[in-house]
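Chemist: Predicted structure and sequence below. I'll ask about it afterward.
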Amino acid sequence: MNWPRAKTILIIAFLITDLILIAAYALPGFRTSAQADYQTLLDVLGRKNIYVEAVIPQQNDDMPVLYVQHETLDEGELRTQLMRQTPVSADDNDTYSKAAAAFIKDAGLSDDTLAFKEIERAGGHVSVFFENRIGGVLMEENHIACVFYNGVIIKFDYHWFRVDDVGNRKQRTISAVDALLFFMDSVTPEEEEKIIVEKLELVYWLDEGGIDADVITDTAVPAWKVVYNGGQVVYINAYE
């Protein structure tokens, strides 16, 4: 038997199989009535050494873009506000979260998109974290942290974009299955390296790496956030 020729035929056969399977997901005309055979998807990813431990969302709504503006507080007024605090009245998480939310509102950052995230306690410090959610969808990289010590905020850290306007029309977003296929094309594992997908979430994303530091307005677009291998992140534009 001509082994080199046989190996070449097998490689070509596997490539053709992969292309057919990918087409079954990527092209609407090839999709089944159930939209996705997840086991087949996992098989395709597995051949690229990509394994999914995350829950694969089954819903992707039509979504608009967001027009947002970066918020900057006056440092002098913020220092004055920090000096005039009244210590929290109790050492429970609910009291700390309410005190932090009130401080944020007085500082001028609060709106209906502010969402409580979590509280952490360490070394006598209580850190209260907030995030920005629009219609339940997280806006990436937005955060506010209030760090309490002895009942008052000693550190206020923020990176916040306010939503000024919403796009006039909603556009179709790709499915989580399609996002995983795009992700497969965007990463190149080293030989024998495994890619473990840990989380998959539809978010609003600002690619701030591509804008100047002086720019205060931008557009947030829907994107699939893929978290893998211990917290590494790739964003896949969710518009078809």
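Modeler: Okay, I see it.
Chemist: Just confirm M184 is within a helix.
Modeler: Yes - under DSSP: H, G, I helix; E, B strand; the rest coil, M184 falls within a helix.
Chemist: gap between it and A107?
Modeler: To A107, M184 is 43 Å away according to C-beta to C-beta, to the nearest Å. C-beta here means a position set from N, CA and C on the backbone, and glycine is covered the same way.
Chemist: likewise V177?
Modeler: V177 is 42 Å from A107, by C-beta to C-beta.
Chemist: Please apply the same query to R121.
Modeler: The value you get for R121 to A107, if C-beta to C-beta is used, is 23 Å.
Chemist: try T173
Modeler: 34 Å.
Chemist: for G76, same thing?
Modeler: Relative to A107, and taking C-beta to C-beta, G76 is found at 12 Å.
Chemist: can you check G230 too?
Modeler: Applying C-beta to C-beta to G230 and A107 gives a distance of 34 Å.
Chemist: Compare neighbour counts for those two and give me the winner.
Modeler: A107 (19 against 7; other C-beta atoms under 10 Å).
Chemist: Against which helices or strands is the helix or strand hosting V234 packed?
Modeler: Secondary structure assignment for V234, by DSSP states H and E: strand 232-237. Secondary-structure packing of strand 232-237 (3 or more C-beta pairs under 8 Å, 6 or more residues apart in numbering; DSSP states H and E): helix 176-186, strand 217-228.
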